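Novice: what's the 3D shape of this:
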Amino acid sequence: MSVLLNSRFSVARQWPVALLLLALLSFGASWLANTYWQLPGTNPLYPSAARLQKLVNQAAITAGREANQVALASQPPAAASFRQLLTQCAYPTFVAIDSQLVAWSASGPAPTATELADTVSERLSQTAMGEFLTVRRRRGHVVVLAYVPLARRYGISNRYLREGAEPTLLQGMEVQVRATPVQPGETHGLVAALVDTQGRYLFSVVQLPGNALTGRILPLLLLVLGIGFYTAGWLGLAYYWWQSGHVALAIVVLASTPVALRLALLYLGLPYAWLEIPLFDPRIYAVSGWAPSLGDLLLNGLLAALLAGLLVMVSRHYQLPARAQRAPAGSWGVPALLGLLLTVAALHSYYSSAFSNNQLSLDITQSMQVSGFRLVLLLAVLLHTAAFAAGFYLWTELLAPDLRRLPRRPLLVGGTLIALLLLAQGVLLHESLLLLPGMTVLCLLLMRSGKLEKRATQGGPRYLLLLLWLSLASAVGAVALYEQFERQLLLDKQRLASNLLVDNDLQGEFLLGQRLRQLATDPIIMRLLTSTPARTEALRRRIERQYLRTYFDKYEESIDLFDPSGRPIGGEADDTLTFDQTRLRLSRTATTTDQAGVYLLKSDNSFSSRRYVAVIPITQPAPGGIGPPAPAGTILLTLSLKQLASYSVLPELLVDQKFFQPGLATDLSYAGYAQGRLVYSEGDFDYANDLPRQLLHDQRLFTNGLIISDFHHLAMRDASGRRVVVVTTSTYSLADWFSNFSFQLLLNMLMWLLAGGAYLLARRGDQGLQLNFSARIQLLLNLGIIVPLLVVSVATASQVISGYRRDLRRTYERRGHIALESLLRRRDQLTDSTARPVLTALARNVAALTETDLNLYDAHGQLLVSSQPLIFEAGLLGPLLNPQAVVDLRERGLSRTLLTEQAGSLSFSSLYLPVRAASADGPAGPIQGYVGIPFFDSQKELDNKLTELFTTIVNIFTLMFLVFLGLAVVATRQLTAPLKLLTQRLKRTTLTGQNEVLDYRSNDDEIGLLVSEYNGMLGKLEASKRELATQEKEAAWREMARQVAHEIKNPLTPMKLSLQYLQKAIAEHRPNAEALIGRIAETLITQIDVLADIATSFSTFTNLPTMRPARLDVVAVLRHCADLFRQNDGDEHGALHLHLPADGTFTVFADESLLVRTFNNLLLNAKQAVPPGRAPRQEISLQASGADKVLITIADNGAGIAEEVRDHVFRPNFTTKAGGSGIGLAVARRGIESAGGRIWFESEVDIGTTFFIELPLAG
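Specialist: The predicted model follows:
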């Protein structure tokens, strides 16, 4: 057997070592694989050229098949149907008859005349909307073009316009499309040339540098495999050491192994250094060196949860709560309280760090946008919160004993005052260092008032205590979110105020000077300007696309053209000043800049939008090439900084992310003061009446701002000190804080419920969920509350959302009809090709009037003008009317239609209305054009409404849940109080003492019936007790009679023999009869004394007094007996050693006289059991046994009790001493058992005996 055990332990040691060796090999192989893939020429194209070719061919075949079907269905006299195209075509499909576009399934990209006239069946098309594979099919006069989207390339990059925002064929492949064959050495990436189904060259695909997926999967897989082997190996070693008894070593291994692995990954920057996984991309999320990415934050959360679980296991193994309960007052409680406060501070620090990244916010009052990254951040925060909540619980277990020792009422009153003072000061001073301890003290008071600290150390359901600490963690998280909001708001206000105070855009001036020099020498610009007639629209479009993109997206541009004589060029000539007149007007406010030809326009109001004007003279070569260049005209470019528009997301959509400054809030207001006088204001706030001017001299307004009437104001001065800008937003309300608190609390509760459910499922074979009666009542009450609340919340949210959508639709239709009425007065211009400039001005005026964006289409559905032409020029929207709008307005005859459209990842609503010609019979004439009104802010408005709704519902749900949870706890205690009283009485019910009946206020309910039955059972118990006492008395008398008879027979026999001998001596007249009579008389007297002792002993046992149990401190009783023993028997050599708690009290419910007699008997027996020649030594100790019992130990170093007599020790009249009566231990046992305890002993011959007495503590 020993050989088998040794072999098992040997195997247990060997397999973890083997796993660690495999981990080392996996790490090495991973490093070698990564090094190999970094060598030049070793990276294969991913995906392979064959896969790319197959993908393109399949798409071309599908598009060609659909195009053939459409061409056949559109043959005259049949007409192409928009509805058919929408239902049958997977790709954007366009139908043209005799080079005239007649139907389409998407608004873009619109085919050009060249593409319609082309005869190639498959060709690459590069448009403003991206790269497309154009598949062409022709049937007679019908030409069908299907555009297969290959890649979308936005000239603008922001949160709406990113790679992958719209589905394409090559989406996520990190490749670039080239129209022409790539020559060797032209690019560093690998190249795949793709051909069409006929074998002709289509385009080339170039692998982009830094491709995340190129060959790096193998190193990552080997790394993950090594981590698995490493973890399993160390876990195996830890398990072996734990089973071997080296618990401390196993705990160190379990803690250090994941920490070391995590530090190594952080130091090496893995896995992002090898594989550019977006989850580990620091550009998306980075807050500190410990969390350089979102994935690292998630790994930290898993590590924190693991370490927290390990701490719980250590606490259970070493029984730290039991040690804290036995320790002197304050020795564990004070450090535990400090540890709890430090843990709360650490949690706040973590939250502040995790929420400091402004790209991903968990503040539901600001945004409810759901994304994968946001969900990962939420999971990481929940894992960290769970770890800190476990820490709170462990500190509570150590703090609970000292908390219970404090007087309840003074603690609650004094603690409440301290907590309220800290919270009030923290709120007024905006100082979290005061809020955190205030919230912690408040939680401790709630725990003490609800007696939840008992659950921390005495078992039972612990979910209420866990809920309390989750509430504290959620409150701390809400505070951290508020502080982050305040910090970010302060920075944004300072940035906005600084921007308003600065006149010059130095970077813009420098870039504009460069662009002007390039524009002046652009031959295409010169050719367009000098053509007859001048192609003004094409000229403006080239200037906007080629020279005013990226940085100048945040400016609104105005381009005026003049001929060499200074006359304006274009249809607006009658309404435009000459160049000399314009220059004279601008010279009054223009100031020069460092760039030639660039001027800054000053205005009377120094806080108005920044404006620049640039003059670009265009020259052309002299006729014949002889002489100086001749003037070709002049371009006057005016740039105005766009105003903040809280009603639209369009500025953000059209501006690159690195140049866009986000708005602070929808209720943003700002004002400008010059020398203390209000000269400019923007927004809804009334600065003239609601902001006293004397506050401009308050220094606090320029540091952290001032809060006045629920508004936060921050000001900034310029360098001269004469101009001041004040930025105002609404304050972060208590309702906002409570919304974040509620959201985090509900999510934390949900995570713990899921974790608990998973744990119960994993252990369903061992045991079910153990809940006591109170927990079951609370669980059922909570379910009865939560389920209706959920149903009502969902129903309410559904109704309110439907109402929001209806209101938004009505609002959009009302604004659309206003715009339509404004356009109907000049509807004839829709068909006048020469009135395009006037139509453009009309569209802009109507858009400004209705605070909307406006697109005008002709009767064929092609775009005429737009108030935001950059949207179409950037390829965000196609230049054709939405085909669904054509179906609704033309084919179905609707008067309006509201459709959902997409620009990048931005979803928005667009309202389309037909513009009909005036008719003598009524307003319903033929359609002359269409009006499209895109509401880019529609999703934003709906999101804001949904955010308000969601936060309101969450607040109500959480508040109702907490209120009803408190009521459920109170109701449970009210319902179970009689049961607890009944339980205590049942524990004290005895056959020897006096039992008291229960007095319950009602006998009609179930508990009253139970109490009545209990009282009835007490009566029956009394009768049974009397009968049992009679039977026991009779049995005792029979046993006593037997023992008395046996004991009397022993002295009677020698007495009889002595008397018979004396009788014989007298009869025989012996001479020594008198002497014999005296000797026999002495013998008889001795035996009579023995009989008297026997009678006295039995009289003592049968005449024990009636027990009178009461609450008493067993420590004091034991100390009194020991002191009495020392005084009577002496203790000069320290023979008796007493080990009692220094200041602890253990209250029991027993008869004091019986306890004193029991202790005295045991101490006397211990003294007398020591054989002669051995120094006596008695050890007396008292300690807690579990949570509700006390254990008393009395040990001696006597001769011990022989094995054959141990079963008779507690029998009456049994003794091993020559002069003993055998009654003492029987009396001791009777006294202990009458108090509900038990007594037993352990003995070793010639070493000593230890008696154990266990008594229940009084409730």
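Novice: so where does residue 135 fall, helix or strand?
Specialist: Assigned by DSSP states H and E, residue 135 belongs to strand 130-139.
Novice: what's near enough to touch the spatially closest residue to residue 167 that is not a sequence neighbour?
Specialist: Distances taken as C-beta to C-beta, 6 or more residues apart in numbering place residue 149 nearest to residue 167, at 7.3 Å, with adjacent residues excluded. (C-beta placed from N, C-alpha, C; glycine too.) Shown in contact with residue 149 (C-beta atoms under 8 Å, 6 or more residues apart in numbering): 91, 92, 130, 131, 132, 166, 167, 168, 169.
Novice: Pretty sure the first one sits against residue 61.
Specialist: No - between residue 91 and residue 61 there is no contact under C-beta atoms under 8 Å: 11.8 Å.
Novice: More neighbours: which of those two?
Specialist: A count of neighbours by other C-beta atoms under 10 Å puts residue 91 above the other of residue 91 and residue 61, at 20 against 12.
Novice: Tell me the secondary structure at that one.
Specialist: What DSSP: H, G, I helix; E, B strand; the rest coil gives for residue 91 is coil.
Novice: next one: the one 4 residues further on
Specialist: Three-state call for residue 95 (three-state DSSP): strand.
Novice: still on that earlier bit, paired strands for the helix or strand following the strand holding residue 135, with orientation please.
Specialist: Per DSSP H and E, strand 130-139 leads on to strand 142-151 as the next helix or strand towards the C-terminus. According to DSSP bridges, strand 142-151 forms sheet pairs with strand 93-97 (antiparallel), strand 130-139 (antiparallel).
Novice: Select, out of these, the one closest to residue 1141.
Specialist: If you check each of these against residue 1141 by C-beta to C-beta, strand 130-139 wins as the nearest, at 81.5 Å.
Novice: I'd like the contacts of residue 149 as JSON lines, with pLDDT and distance to residue 1069 appended.
Specialist: What follows is these, written out as JSON lines (pLDDT from 0 to 100; distance: C-beta to C-beta, whole Å):
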{"residue": "91", "pLDDT": "92", "distance to residue 1069": "151"}
{"residue": "92", "pLDDT": "93", "distance to residue 1069": "154"}
{"residue": "130", "pLDDT": "83", "distance to residue 1069": "152"}
{"residue": "131", "pLDDT": "87", "distance to residue 1069": "153"}
{"residue": "132", "pLDDT": "92", "distance to residue 1069": "155"}
{"residue": "166", "pLDDT": "67", "distance to residue 1069": "145"}
{"residue": "167", "pLDDT": "74", "distance to residue 1069": "142"}
{"residue": "168", "pLDDT": "80", "distance to residue 1069": "146"}
{"residue": "169", "pLDDT": "81", "distance to residue 1069": "147"}
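Novice: In the protein, what helix or strand scores lowest on average pLDDT?
Specialist: helix 453-457 (a mean of 55; mean pLDDT, DSSP states H and E).
Novice: I'd like to know which elements the helix or strand just after that one is packed against.
Specialist: As assigned by DSSP H and E, the chain's next helix or strand after helix 453-457 is helix 463-501. Applying 3 or more C-beta pairs under 8 Å, 6 or more residues apart in numbering; DSSP states H and E, one finds that helix 463-501 contacts helix 333-354, helix 372-405, helix 432-449, helix 453-457, strand 669-674, strand 711-717, strand 723-730, helix 734-762.
Novice: What lies in contact with the fifth one?
Specialist: Strand 669-674 is contacted from outside by 496-497, 500, 605-607, 678-685, 687, 691, 693, 696, 722-729, using C-beta under 8 Å, 6+ apart.
Novice: still on that earlier bit, pick out the shakiest of the helices and strands packed on helix 463-501, pLDDT-wise.
Specialist: When those are ranked by mean pLDDT, helix 453-457 comes last with a mean of 55.
Novice: got a pLDDT number for the residue in the chain sticking out farthest from the centre?
Specialist: What lies farthest from the middle of the chain is residue 1069; by C-alpha atoms, centre = their mean that is 115.8 Å. Looking at residue 1069, its pLDDT stands at 76.
Novice: One more: residue 720?
Specialist: 78.
Novice: okay, now residue 700: neighbour count?
Specialist: Residue 700 - counted by other C-beta under 10 Å - has 12 other residues nearby.
Novice: Distance of it relative to residue 435?
Specialist: 21 Å (C-beta to C-beta, to the nearest Å).
Novice: which parts of stretch 112-128 are buried?
Specialist: 115, 116, 118, 121, 122, 123, 124, 125, 126, 127, 128 (16 or more other C-beta atoms under 10 Å).
Novice: Tell me which of these fall in strands.
Specialist: Counting by DSSP state E, the part of the buried residues of stretch 112-128 found in strands is 122, 123, 124, 125, 126, 127.
Novice: helices and strands around whichever strand or helix holds residue 224, which ones?
Specialist: Assessed by DSSP H and E, residue 224 sits inside helix 217-243. In this structure, helix 217-243 makes packing contacts with helix 2-37, helix 247-268, judged by 3+ C-beta pairs under 8 Å, 6+ apart.
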